[in-house]
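[1] Build the 3D model from these lines:
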Amino acid sequence: MLFDTHCHLNDDTLFADLDSVIERAKEAGVGNILCVGYDKASSERALQIAEQYDFVFAAIGIHPTNSKEATEEDFVWLESHLRDPKVVAVGEIGLDYYWDATYKEHQQVVFRRQIHLAKQYQLPISIHMRDATQDTLEILQSEQSPDLKGIMHCYGGSAEMAPRFIEAGMMISLGGPVTFKNAKVPKEVAKTVPLESLLIETDAPYLAPHPYRGKTNEPSLVRLVADEIALLRGLSTLEIEKITWQNALRLFQIH
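    Numbering: from 1, shown residues only. Coordinates of the predicted model:
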């Protein structure tokens with residue numbers, strides 16, 4: 001079975017045709033999906049979807065690019081739902097200096113605040129990192145504890161940096177970009193990351209894998225990510241499927 005560890009069924013593009021998207025995922029062998037929020041409204045919808053489908057789980061949180069609009073009421077709502085049995089992670093959280101570098105300090109405060117909640121409720125975190133590798137790593141290192149685990153979602157860092165994030169308690173998740181023909185860095189990461197730290201995802205409806213690049217992505221296409229990693233590692237897709245499935249179940253404490 002395949003586990004899509006990061007997608008946005010809560011995005012209007014997929015939500016409008018949700019039953020069909022879910023059916024195609026099942027037909028492709030997807031056994032579990034993590035639907036990830038990025039603000040209060042999308043987190044509410046992620047939880048709604050997770051309650052509707054047995055094999056969908058929710059991550060709830062505030063994305064760095066939404067952090068400046070977050071209110072105290074949003075944080076109260078977030079914490080009040082962290083014990084919900086369908087919530088298995090805090091996310092999508094992190095740092096993004098690509099879209100707006102003027103709120104760096106505020107992003108860092110919001111990131112740390114959600115890390116503290118994750119530790120308090122013993123939940124893993126799903127990290128968005130863009131143009132902020134060093135600051136993200138430094139925060140994770142400073143917050144490091146046995147209670148802090150998580151995912152570098154759609155990891156875009158180098159193969160050399162990946163072990164440092166793993167040492168800080170994170171797993172490395174790869175998505176559609178690993179299938180792109182010119183994607184040297186993700187392919188190198190796929191070849192070298194320890195198998196016990198590897199996860200796969202789609203980030204649907206974004207970053208559709210080759211040959212669907214530029215089109216709407218969906219969870220059924222996560223198999224193409226597994227296929228590419230298997231090819232790069234000299235393993236079968238079934239082996240990558242089993243390894244990433246077990247890694248995800250362990251991380252999200254799904255029994």
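[2] what ranges do the strands span in the stretch 101-250 of the chain?
    125-130, 150-152, 170-174, 198-200 (DSSP state E, counting those that start in this stretch).
[3] and among these, the most buried is which?
    Highest mean neighbour count among the strands of the stretch 101-250 of the chain (mean count of other CB atoms under 10 Å): strand 150-152, with a mean of 29. Any C-beta I mention is one placed from the backbone N, CA and C, and that applies to glycine too.
[4] Walk me through which strands that one pairs with, and which way each runs.
    Using DSSP bridges, strand 150-152 pairs in its sheet with strand 125-130 (parallel), strand 170-174 (parallel).
[5] sorry, back to before: and of the strands of the stretch 101-250 of the chain, who's closest to L117?
    Among the strands of the stretch 101-250 of the chain, strand 125-130 comes nearest to L117, with 9.3 Å by CB to CB.
[6] what sits up against the closest one?
    For strand 125-130, the external contacting residues (CB atoms under 8 Å, 6 or more residues apart in numbering) are 5-6, 34, 36, 59, 61, 63-64, 89-99, 114-115, 118, 136, 140, 148-157, 170.
[7] Make a PyMOL selection of whichever of these turn out to be buried.
    Typed into PyMOL, the line below selects the buried ones among these, using 16 or more other CB atoms under 10 Å:
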select buried, resi 5+6+34+36+59+61+63+64+89+90+91+92+93+94+95+96+97+114+115+118+136+140+148+149+150+151+152+153+154+155+156+157+170
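[8] Centre of the chain to stretch 67-74, how far?
    21 Å (CA atoms, centre = their mean, to the nearest Å).
[9] which residues sit against that stretch?
    39-40, 62, 100, 103, 106-107, 110-111.
[10] Just the endpoints, please. Distance across it?
    Distance between the boundary residues of stretch 67-74 (CA to CA, to the nearest Å) amounts to 10 Å.
[11] re earlier: need the strands paired with strand 150-152 in JSON lines with distance to P186 and mean pLDDT, can you?
    Formatted as JSON lines, the strands paired with strand 150-152 follow (distance: least, CB to CB, whole Å; pLDDT from 0 to 100):
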{"stretch": "strand 125-130", "distance to P186": "14", "mean pLDDT": "98"}
{"stretch": "strand 170-174", "distance to P186": "6", "mean pLDDT": "98"}
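[12] Adding distance to T71 as columns, could you present those strands in CSV?
    Conversion of the strands paired with strand 150-152 to CSV gives the following (distance: least, CB to CB, whole Å):
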stretch, distance to T71
strand 125-130, 20
strand 170-174, 28
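[13] Of these, which is nearest E239?
    strand 170-174 (15.4 Å).
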